[in-house]
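Colleague: What follows is a predicted structure for the sequence shown.
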Amino acid sequence: MIDLNSFFGKILHYLDLRPDLEDFESIENEIEKGIVFKGTNLWILAFAIIVASVGLNMNSTAVIIGAMLISPLMGPINGIGFSLATYNLTLLSRAIRNLTFAILAGLAASTLYFILSPVSSAHSELLARTTPTFYDVLIALFGGMAGIVAISTRLKGNVIPGVAIATALMPPLCTAGYGLATLQAKFFFGALYLFTINTVFIALAALLVSKMLKFPLYDIVDKNRIRKINQITYTIIVITFIPSLYFAYQLVIKEKFNQKASLYIESVTYLDGAYLLKYSADADTKVLNLVYGGRTLNEEEKKNIQEKTHLFNLEAKVEIKQGFGMDDTDLKNWTEMTHELENLKITIAKKQQTIDSLYRQQQMGKEIINELQVFFPEIKGITISPEFIFYNNNQKKELTLVIIDTGGKTLTSEAKNTLHSYLKSRTKTQNIKIITLENDN
């Protein structure tokens, strides 16, 4: 029998954070240091805002990640969660005040940047921060837990930079600035809601972990006041959380629509001489636009294509357009013209091969004469030409003809044999005939 108490005891031993914890005073100092926006933190905040705005403007993921890493916004958010857990109302007030300042500064600076920037189009990095969902809640909550655990223990490692990238506080704030600068409510409210999700659930993570680690209370607080603080906290969490469920549901619906639309489109790509040139699927309006080329579709065929959506349980309006259509005569002419074009392409390719071959022969001739003159300085020129010998029985044989000009000098038999072997190897042919012009007339 397995001793369950011993088994669970071992699990709890491995999960125990207490051996790695910093002393409470060090943790509190670390939290308080991250809250303050003056000196170093203030300059880093300013730099992070500009870096994030430029990254979003230029659609550069690497630059945006850099802004996430250097952003000091995690400090006051962790301070809010920590102060709520320890009922340190003085620290809570400072954390909220500094976070508010950072938010207003981020919005003002990013708005000013996007007003002045000549590039105003919305790229994918901006669009990605306008539709937060329940999944962003999970990222903020568990990322925030990792962050506060790292602050509270001695083994910090790469956790805090990773949390900064995962929770991404600065980019949505700057995206909201873009929405203000371009007067686009979708960008402003969508990005601001994502920032709110990250802020609230990182703070909640800090609160829960601080409670779990049993950090001591800052001061004795009246029970009624504690109840009031808890009520306000839970209300903010619920109000922030509920819309994310709706957006997550909408995301799932869109994904299912896109999956079904993809399968449907694969089934109507080709239809007896007509083929799909392009298509678009709008999950919001549930409209599919299909543009066909080739043979002109009749009304019955169009109706069959539209009714085929039922086979995939796809509720969508299908709009069919003809990119360019052909009747039977046009299709025949088109086919003949296509064949002619293919034949022309083949002819051009063969001509190009001949031209390339002649060019390679010229280059090879230049290279060979330079190589030969090192060992046979008496050789003044060379001609290399692929030829055919034709016989009266309608057969032919390939032959590489090499004519060497020695300037009237006679080559020895040994030199001729060496030359023959070299040229066979150099021209990569076995059937070679060498003629030397030894008498200079």
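Modeller: Cool, the structure landed.

Colleague: Pass me the low-pLDDT residue ranges in the stretch 1-150 of the chain, would you?
Modeller: Applying pLDDT under 70 to the stretch 1-150 of the chain flags residues 1-21, 120, 122, 124-129.

Colleague: so the nearest residue to Val137 once chain neighbours are set aside is in which element?
Modeller: Nearest residue to Val137 in three dimensions, chain neighbours excluded: Ser244, at 5.1 Å (Cβ to Cβ, 6 or more residues apart in numbering). In short, each C-beta sits where N, CA and C put it, glycine included. Assigned by DSSP states H and E, Ser244 belongs to helix 223-267.

Colleague: for that helix, packing partners?
Modeller: Packing contacts for helix 223-267, counted by 3 or more Cβ pairs under 8 Å, 6 or more residues apart in numbering; DSSP states H and E, involve helix 134-152, helix 185-212, strand 274-282, strand 287-295.

Colleague: hmm, back to that, tally of neighbours for the residue nearest to Val137?
Modeller: 22 (other Cβ atoms under 10 Å).

Colleague: Am I right that it is in contact with Thr133?
Modeller: Yes. Using Cβ atoms under 8 Å, Ser244 is in contact with Thr133, at 5.7 Å.

Colleague: The residue nearest to Asp219 when sequence neighbours are not counted: neighbouring residues, count only.
Modeller: Nearest residue to Asp219 in three dimensions, chain neighbours excluded: Tyr87, at 6.7 Å (Cβ to Cβ, 6+ apart). Residues lying near Tyr87 (other Cβ under 10 Å) number 17.

Colleague: Ramachandran coordinates for Ala102?
Modeller: phi -60, psi -40 (degrees, to the nearest 10).

Colleague: Could you do Lys396 as well?
Modeller: Main-chain dihedrals, Lys396, degrees, to the nearest 10: phi -140, psi 160.

Colleague: if I pick Thr269, what's in contact with it?
Modeller: Going by Cβ atoms under 8 Å, 6 or more residues apart in numbering, Thr269 touches 275-276.

Colleague: how near is it to Asp282?
Modeller: 19 Å (Cβ to Cβ, to the nearest Å).

Colleague: And for Arg154?
Modeller: Distance from Arg154 to Asp282, by Cβ to Cβ: 53 Å.

Colleague: Contact partners for Leu107?
Modeller: Leu107 neighbours (Cβ under 8 Å, 6+ apart): 173, 176-177, 180.

Colleague: helix or strand for it, which one?
Modeller: Here Leu107 is assigned to helix 89-116, by DSSP H and E.

Colleague: buried residues in that helix?
Modeller: 91-92, 94-95, 98-99, 102-103, 105-107, 109-111, 113-114 (16 or more other Cβ atoms under 10 Å).

Colleague: now do stretch 39-54
Modeller: Within stretch 39-54, the residues scored as buried using 16+ other Cβ under 10 Å are 41-42, 45, 48-49, 51-54.

Colleague: next one: stretch 393-408
Modeller: Within stretch 393-408, the residues that qualify as buried are 400, 402, 404-406, counting by 16+ other Cβ under 10 Å.

Colleague: One more: stretch 186-193?
Modeller: Buried residues in stretch 186-193, counted by 16+ other Cβ under 10 Å: 187-188, 190-193.

Colleague: Just the pLDDT at Asp328, thanks.
Modeller: In the predicted model, Asp328 carries a pLDDT score of 54.

Colleague: Sorry, slip of the keys, the one I care about is Leu204.
Modeller: The model's pLDDT for Leu204 equals 90.

Colleague: any idea how far it lies from Leu91?
Modeller: 17 Å.

Colleague: one step back: tell me which of Arg154 and Asp282 has more neighbours.
Modeller: Using other Cβ under 10 Å, the more surrounded residue of Arg154 and Asp282 is Asp282, with 15 against 10.

Colleague: how close does that one sit to Glu319?
Modeller: From Asp282 to Glu319 the distance is 10 Å (Cβ to Cβ).
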